[in-house]
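Colleague: here is the input, now give the coordinates:
(2 chains)
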Amino acid sequence: MAEHKHVDLHVSKFEAPAKLKTLSFALVAIGLLTFVIGLMKNPDRLWTSYLVAFFFFSCMGLSGLFWIAINNTAKAGWSVSIRRFAEATTSFIPFILVFGLVLLLGFKKLFIWADPAVIASNPVIAAKTAYLNPTFFVIRLLIFVVGCMIFRWVIVGNSLKQDVSGDENLTHKNVGPAIGFIAFFALMFSFFSVDLLMSLLPTWYSTIFGIYCFSGLFQAGLAFLAIVIVLMRRSGLVKGYVTVEHQHDVVKYLKGFSIFWAYIAFSQFMLMWYANLPEETEYYIMRSLGGWMSISTALLIFRFVVPFLALLPRAAKRNDANVILVSVLVLIMQYVDIYWMVYPNFFDGQVTFGFWEIGIFAGFAGIFLLCIMNFWSKHSLVPVKDPRMHEALNHHVAY
Amino acid sequence: MAAQYTKGIAGIWDNEAGILKAARKTREMGFTKFDAISAYPIHGMEEACGIQRSWIPYVTFIAGCVGLMGGLALTYWTSAVNWAVNIGGKPFFSLPAFVPIMFELTVLFAALSSVGALFYACKMPRIDPPVIDPDLSCHKFAIFVPFNDTGYDEAKLERMFKELGAIEVKKTEY
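Modeller: I've put the predicted structure just below:
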């Protein structure tokens, strides 16, 4: 930049607000309590609600790593100063392994294709046993989660090492793993979503199911990132490093991926609706009966139409209150979306929601919040020694 | 064609920093009709020149809405009114089938109108415009102040441009 504006740069140490910490521990306690009571009283509802919350927070953790990977691959400079916010969400990734293993306890309740009686009576499911069998399911889950942990260890690890050494080669070293992660993620996340969500209705298939889940993951991840940016900017902890310009571009991203979600969701729906093949329409028929129709419509309106229009004007992307409201809406709709993929398979025509779903979600939310607060209090909020930092500091969104 | 170009004075710089500073100074002097000429967009130039936001996005939005409604009207009229054909037992008015056409027409209308509005806003096409300096399409930058701007004073402007580090000051047309 030609003009030498005086910019006050300052990164403060993050200290987790005591209230938020207490709240998180309380949420974890609620979750644990719900889990234990649920196991004894209502295991059916417990495991479906567990699956929805597990998938939601797995997506939140993975979205951060994916976002970092595409920025590393593109050698993006503008996003360097907000990278730590995305890196924080990746600290949930090890918990995907823990909670994934816990999920296996409810395996029989969730996945009917594992039941020998079902296989024997249904030739369509029997034909799929080469893929849909518990052993292979666990292997895929382990490869995915352990792979993500390794990629996280390399990519986030290099970024953290740079804080100490300031070695610019670490930035270049991160490009390869980032490209590798994108390829790995594309394949393995498809399996992850097919295994956990699509196989709940084992006779049905959609060839873009993985992309559908990915579009939701990324939209929700960007919404969370936008919330963090607004709160961090307002807290003054990252003075000068994170500006309204970064907020503007992340929200632009969010708007773009709201359109992407609608595009993918419509692509999946329209072809099935048009071709009208019985094995494909099954899924949408279940979601158009009874109370589920209103949720299907709500997804279209609150996951695409409202965020799109609310984020369209330039001023809307720079308005903190608006950004927070829309981002929270997107996060709620991400939960509703996963809920909508899971519940109609178990509760025909009846929208079932209540204490179990909220309690389990609270538990996961508590752990997620503790993870990110722990990450920030251990590391600097901004990777100050990144060689591309000057680009982020001068980032400017033209009219 | 000569009549559509205005006489004035142009200062030429050979670096980005110089022209940004000059644009800011020119605006501070109270000139409003001046223009900065560069081969590529310069960050911070819109503030330096005091340019307001463009009205083109509004054209894009309205044209997009017109395209959306036009697409709906077209598909409705062709498949449910004028030549209703039963396709796969689906209703004549089947919104999911119309969405791709509505979407495409939204994009088409929005994009073409934006380009049209851009041409209008930039008074394009300009055939054979006066050349201030051939290097302005490459590595030089200019500030042009038309003679009819408030407070136009050739001698004063020339002195100011020189003080701001202009490598050349020209009486020209733009």
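
Colleague: name the element whatever residue of the stretch 51-200 of chain A ends up closest to chain B belongs to?
Modeller: In the stretch 51-200 of chain A, no residue comes nearer to chain B than A:W78, which is 11.8 Å away by Cβ to the nearest Cβ. Glycine gets a C-beta too; all of them are placed from N, C-alpha and C. Under DSSP states H and E, no helix or strand contains A:W78.

Colleague: do you know the pLDDT at it?
Modeller: According to the predicted model, the pLDDT of A:W78 comes to 94.

Colleague: how close does it get to B:C122?
Modeller: Per Cβ to Cβ, to the nearest Å, A:W78 is found 28 Å from B:C122.

Colleague: can you pull out the low-pLDDT segments for chain B?
Modeller: Counting by pLDDT under 70, chain B has low-confidence residues at B:1-3.

Colleague: which residues of the stretch 251-399 of chain A fall in helices?
Modeller: A:278-286, A:292-300, A:306-310, A:314-317, A:320-342, A:355-378, A:389-393 (DSSP state H, counting those that start in this stretch).

Colleague: residue contacts, the residue nearest to A:P94 when sequence neighbours are not counted?
Modeller: Closest residue to A:P94 apart from its sequence neighbours, by Cβ to Cβ, 6 or more residues apart in numbering or on different chains: A:M149 at 6.0 Å. A:M149 is in contact with A:I93, A:P94, A:L97, counting by Cβ atoms under 8 Å, 6 or more residues apart in numbering or on different chains.

Colleague: so between A:W78 and B:C122, which is more surrounded?
Modeller: Set side by side, A:W78 and B:C122 give different neighbour counts by other Cβ atoms under 10 Å in any protein chain shown, the larger being at A:W78 (19 against 9).

Colleague: surely the more buried one touches A:V397?
Modeller: No - the pair A:W78 / A:V397 is not scored as a contact, 9.2 Å apart, by Cβ atoms under 8 Å.

Colleague: so what sits against both of the two?
Modeller: Shared contacts of A:W78 and A:V397, defined by Cβ under 8 Å, 6+ apart, are found at A:E245, A:D249.

Colleague: for B:M160, give me phi and psi.
Modeller: Backbone geometry at B:M160, expressed as degrees, to the nearest 10, gives phi -60, psi -50.

Colleague: scratch that, A:H10
Modeller: Backbone dihedrals for A:H10, given as degrees, to the nearest 10, come out at phi -160, psi 130.

Colleague: quick one: contacts for the closest residue to it other than its chain neighbours?
Modeller: Excluding its sequence neighbours, the residue lying closest to A:H10 (Cβ to Cβ, 6+ apart) is A:K239, at 4.3 Å. Shown here is A:K239, whose contacts under the criterion Cβ under 8 Å, 6+ apart are A:D8, A:L9, A:H10, A:V11, A:S12.

Colleague: where's the residue nearest to A:P94, which helix or strand?
Modeller: With DSSP H and E as the criterion, A:M149 is inside helix A:134-165.

Colleague: quick check: buried residues in stretch A:192-206?
Modeller: Neighbour-count burial for stretch A:192-206, with 16 or more other Cβ atoms under 10 Å in any protein chain shown as criterion, is recorded at A:192-202, A:204, A:206.

Colleague: of those residues, which belong to strands?
Modeller: Secondary structure from DSSP state E places none of the buried residues of stretch A:192-206 in strands.

Colleague: put together a markdown table for these, with distance to chain B on each row.
Modeller: Below are the buried residues of stretch A:192-206 laid out as a markdown table (distance: Cβ to the nearest Cβ, whole Å):
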| residue | distance to chain B |
| --- | --- |
| A:F192 | 29 |
| A:S193 | 24 |
| A:V194 | 25 |
| A:D195 | 29 |
| A:L196 | 28 |
| A:L197 | 23 |
| A:M198 | 22 |
| A:S199 | 26 |
| A:L200 | 25 |
| A:L201 | 21 |
| A:P202 | 26 |
| A:W204 | 19 |
| A:S206 | 16 |
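
Colleague: switch the residues you listed over to a markdown table; also include distance to B:A155.
Modeller: Rendered in a markdown table, the data for the buried residues of stretch A:192-206 read as follows (distance: Cβ to Cβ, whole Å):
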| residue | distance to B:A155 |
| --- | --- |
| A:F192 | 74 |
| A:S193 | 73 |
| A:V194 | 77 |
| A:D195 | 79 |
| A:L196 | 77 |
| A:L197 | 76 |
| A:M198 | 78 |
| A:S199 | 82 |
| A:L200 | 82 |
| A:L201 | 83 |
| A:P202 | 86 |
| A:W204 | 81 |
| A:S206 | 75 |
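
Colleague: now, the residues you listed that are in helices?
Modeller: Judged by DSSP state H, these include A:F192, A:S193, A:V194, A:D195, A:L196 as members of helices.

Colleague: and those residues, which is closest to A:F266?
Modeller: The shortest approach to A:F266 among these belongs to A:S193, at 18.1 Å (Cβ to Cβ).

Colleague: surely the closest one and A:F209 touch.
Modeller: Yes - in this structure A:S193 lies within contact range of A:F209 using Cβ under 8 Å: 6.1 Å.

Colleague: hmm, which two among the buried residues of stretch A:192-206 are most spread apart?
Modeller: For the buried residues of stretch A:192-206, the maximum inter-member distance is 17.5 Å, found between A:F192 and A:W204 (Cβ to Cβ).

Colleague: the lengthiest helix in chain B: which residues count as buried?
Modeller: Using DSSP H to assign secondary structure, the helix with the most residues in chain B is helix B:95-121. Buried residues in helix B:95-121, counted by 16+ other Cβ under 10 Å: B:97-99, B:101-103, B:105-106, B:109-110, B:113-114, B:117.

Colleague: my read: A:N72 touches A:I155, true?
Modeller: Yes - between A:N72 and A:I155 a contact is recorded at 7.0 Å, counting by Cβ under 8 Å.

Colleague: now for those two: what residues contact both?
Modeller: Counting by Cβ under 8 Å, 6+ apart, the residues touching both A:N72 and A:I155 are A:N174, A:A178.

Colleague: which helix or strand contains the residue of chain B found nearest chain A?
Modeller: In chain B, no residue comes nearer to chain A than B:A17, which is 3.6 Å away by Cβ to the nearest Cβ. Take DSSP H and E as the rule and B:A17 turns out to sit in helix B:16-28.
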